[in-house]
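A.B. asks: curious how this folds, go ahead:
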Amino acid sequence: MFPLLEVLFKTSKEITKKPIYTGISNLMDYGKELLYFHITNLNKEHGPQYALLLAVTLVITTFLFKNLFNYLASYHIMHLKNGVLRDLRKKMFNKIIELPISYYSEKRKGDVMARMLGDVNEVQNSFFSILELIVKEPLTIVFAICTMFNISIKLTLFVFIFIPISGFIISRIGKNLKSKSIRAQSESGYLISIVEESLGGLKVVKSYNAEPTFKNHFNDSINRILKLSNSIGNKNNLASPMSEFMGIVTIAILLWYGGNLVLVEKTLEGSLFLVYMLLAYNILTPAKAISKASYSVKNGLAAAERVFEVLEVENTITSIPNAIEKTTFENTISIENINFRYEDENVLKNFSLDVPKGKTVALVGQSGSGKSTIANLLTRFYDVQEGTIKIDDVDIKDMNLQSLRGLMGLVTQDSILFNDTIKNNILLGNQNATDDEIIEALKIANAYEFVKDLPNGIETNVGDAGNKLSGGQKQRLSIARAVLKNPPIMILDEATSALDTESEKFVQVALENMMQNRTSIVIAHRLSTIQKADTIVVMQKGEIVEQGTHDELLAKNGTYSKLVMMQSFE
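C.D. replies: Residues are numbered from 1 along each chain as shown. Predicted coordinates:
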């Protein structure tokens with residue numbers, strides 16, 4: 001801009017002799033003199049218009065390069081941003097899937113979803129504004145300040161007095177921004193939880209006329225988010241006008257002081273002063289960007305805290321280094337003197353049990369007696385606090401987690417299906433199975449009789465959580481999934497509880513066929529389903545009170561006998 005102004009104000013030096021390049025240390029002076037040499041020649045030969053045209057062309061070329069490199073920077077940073085977002089999401093999802101089930105008994109699913117979806121985006125957006133903040137903007141400021149010092153030391157020292165003052169004022173406005181951002185993000189997690197729970201329990205919400213209650217919970221949450229968002233937004237919005245105003249105040253003072261140097265003291269050229277003002281304004285734009293970015297960084301830090309809180313959770317249930325890979329089951333499952341508590345209350349006390357290969361062991365007892373806990377401990381969803389669980393004399397904690405779970409087929413009380421086809425739901429048991437094997441598994445689980453009548457057969461979508469099917473149908477598909485896996489150990493946790501009496505009879509026959517050559521641990525409320533078990537273990541408050549066959553326990557006339565009597569009257 002300086003040569004352009006010098007041409008306009010006719011103050012440029014006349015250089016008639018072409019300068020000689022003497023080395024890189026003299027590059028700046030050589031460039032300047034070469035430019036003035038061409039301006040002098042053009043002035044003489046074609047008049048001042050051509051000299052002006054050269055200076056204007058120089059300005060256009062400079063800004064063309066500036067914007068070209070800006071585009072290239074944006075292009076690369078976009079790829080970097082999107083790549084980091086993908087990696088963060090991938091890392092986050094891997095962590096969410098790997099964390100033990102005990103972690104989610106304390107956390108809201110909605111909060112974890114908010115961290116995964118919203119907070120990760122916030123981290124990506126704000127931390128790339130830091131990247132520009134610490135690379136591009138400070139460099140712009142440093143180059144501008146060096147040139148400003150070169151033009152006028154007095155004026156530049158003047159600038160240095162005002163920049164810290166405006167920086168302090170702007171930072172005071174942003175106080176408490178991070179803590180408010182954390183509260184807003186936590187509230188977003190709570191909001192997603194309300195939506196997720198409302199949709200999950202819609203039948204209960206409607207049947208109890210609880211719509212107003214859930215609407216109130218939701219409205220309270222969005223009102224809290226509104227207040228926090230307004231407060232954060234107000235401070236963010238104030239950053240830009242405040243920094244602009246402070247900048248204009250600095251520029252105005254510079255105009256007054258610099259104008260004195262030009263007009264009164266005559267120690268500064270007018271064209272040089274205009275270039276100086278341009279540089280001063282050039283500092284304001286990145287300074288404004290820095291103040292705005294510092295606000296989004298506070299939001300980003302709050303989001304990052306929530307994301308890394310999940311990423312840094314230690315997964316307590318993992319395979320140890322050099323864990324034993326076990327692919328077969330030969331002799332016995334031994335549960336030895338285990339104590340287990342979920343929080344403070346003991347669920348199992350000095351519990352010991354042997355399950356020989358090929359035998360069916362049934363666990364019965366009232367709700368809360370610890371039956372389902374045994375299933376959770378065998379599959380290592382939870383780890384025992386005291387005692388050991390061994391398969392063929394190998395502690396399950398020393399086994400590779402995938403190989404341990406590979407030995408077991410689990411059918412739970414809640415038949416969990418995914419929003420996909422019947423085929424894909426059953427294929428979870430064995431990804432390489434053929435359609436014929438799937439149909440065979442469906443037949444064993446007595447599910448093929450209803451699947452074959454569906455419009456698309458095994459390609460029929462079951463809907464969200466399998467809601468297009470009845471409870472009994474869902475449970476039979478869960479059993480088919482376990483059948484297809486074909487594991488040596490089968491754990492049936494209330495597997496027939498969701499079935500009607502007729503289906504239960506069919507499935508019971510199917511389960512008996514399936515359990516003939518298999519080791520089975522059956523957890524049951526309905527005693528009719530376990531009469532043929534090799535051993536029936538009667539539990540009460542986490543302890544074994546009786547064990548034996550159906551006939552032996554009836555003869556004892558104890559707890560089991562009472563349970564049978566109670567159920568026969570139902």
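
A.B. asks: hey, let's count contacts and neighbours off CA atoms from now on
C.D. replies: Will do.

A.B. asks: tell me which residues touch Gly466, please.
C.D. replies: Contacts for Gly466 were tallied using Cα atoms under 8 Å, 6 or more residues apart in numbering; they are 416-419, 474.

A.B. asks: among those residues, name the ones in strands.
C.D. replies: Among the contacts of Gly466, no member falls in strands (criterion: DSSP state E).

A.B. asks: most neighbours out of those residues, which is it?
C.D. replies: With neighbours taken as other Cα atoms under 10 Å, the top of these is Lys474, carrying 24 neighbours.

A.B. asks: is that residue in contact with Leu417, as I believe?
C.D. replies: Yes. With contact defined as Cα atoms under 8 Å, Lys474 and Leu417 form a contacting pair (7.3 Å).

A.B. asks: now Lys556: how far from Glu543?
C.D. replies: 18 Å (Cα to Cα, to the nearest Å).

A.B. asks: looking at the two, which is more packed in?
C.D. replies: Glu543 (18 against 12).

A.B. asks: for the more buried one, give its distance to Ser319.
C.D. replies: According to Cα to Cα, Glu543 and Ser319 sit 29 Å apart.

A.B. asks: ok, now which ones touch Ile458?
C.D. replies: 421-423, 451-452.

A.B. asks: again, but for Gly365
C.D. replies: 371, 525, 538-540.

A.B. asks: among those residues, which ones are in strands?
C.D. replies: In strands, judged by DSSP E, the following of the contacts of Gly365 are found: 538-540.

A.B. asks: which other residues reach stretch 275-293?
C.D. replies: 1-2, 126, 129-130, 133, 137-138, 140-141, 144-145, 148, 151, 167, 170-171, 236, 239-240, 243-244, 247, 251, 254-255.

A.B. asks: just the buried ones among those residues, please.
C.D. replies: When these are checked for burial by 16 or more other Cα atoms under 10 Å, the buried set is 2, 126, 129-130, 133, 137-138, 140-141, 144-145, 148, 151, 167, 170, 236, 239-240, 243-244, 247, 251, 254-255.

A.B. asks: just the residues you listed: which are in helices?
C.D. replies: 2, 126, 129-130, 133, 137-138, 140-141, 144-145, 148, 151, 167, 170, 236, 239-240, 243-244, 247, 251, 254-255 (DSSP state H).

A.B. asks: quick check: mean pLDDT across stretch 289-301?
C.D. replies: What stretch 289-301 shows for mean pLDDT is 72.

A.B. asks: phi, psi of the spatially most central residue of the chain?
C.D. replies: In the chain, the centroid-proximal residue (Cα atoms, centre = their mean) is Met116; its distance is 2.3 Å. Note on Met116: backbone dihedrals following degrees, to the nearest 10 are phi -70, psi -40.

A.B. asks: could you check how far it is from Ala73?
C.D. replies: 28 Å.

A.B. asks: just Asn176 next, same as before
C.D. replies: From Asn176 to Ala73 the distance is 33 Å (Cα to Cα).

A.B. asks: got it, and Val307?
C.D. replies: For Val307, the distance to Ala73 - Cα to Cα - is 27 Å.

A.B. asks: more neighbours: these two, which one.
C.D. replies: Ranked by neighbour count (other Cα under 10 Å), Val307 and Ala73 place Val307 first, with 23 against 13.

A.B. asks: Lys485 contacts Gly429, correct?
C.D. replies: Yes. Between Lys485 and Gly429 there is a contact at 4.2 Å, judged by Cα under 8 Å.

A.B. asks: picking that back up, and the contacts of Gly365, which two are the farthest apart?
C.D. replies: His525 and Gln540 (13.1 Å; Cα to Cα).

A.B. asks: residues shared between the contacts of those two?
C.D. replies: By Cα under 8 Å, 6+ apart, the residues touching both His525 and Gln540 are 365-366.

A.B. asks: follow-up on the earlier one: between the ones in strands among the contacts of Gly365, which is nearest Glu336?
C.D. replies: Distances from Glu336 to those, taken by Cα to Cα, are shortest for Met539, at 15.8 Å.

A.B. asks: from Tyr36, how far out is the closest residue to that closest one other than its chain neighbours?
C.D. replies: Residue nearest to Met539 in three dimensions, not counting chain neighbours: Gly365, with 5.0 Å by Cα to Cα, 6 or more residues apart in numbering. Shown here: Gly365 relative to Tyr36, a distance of 100 Å by Cα to Cα.
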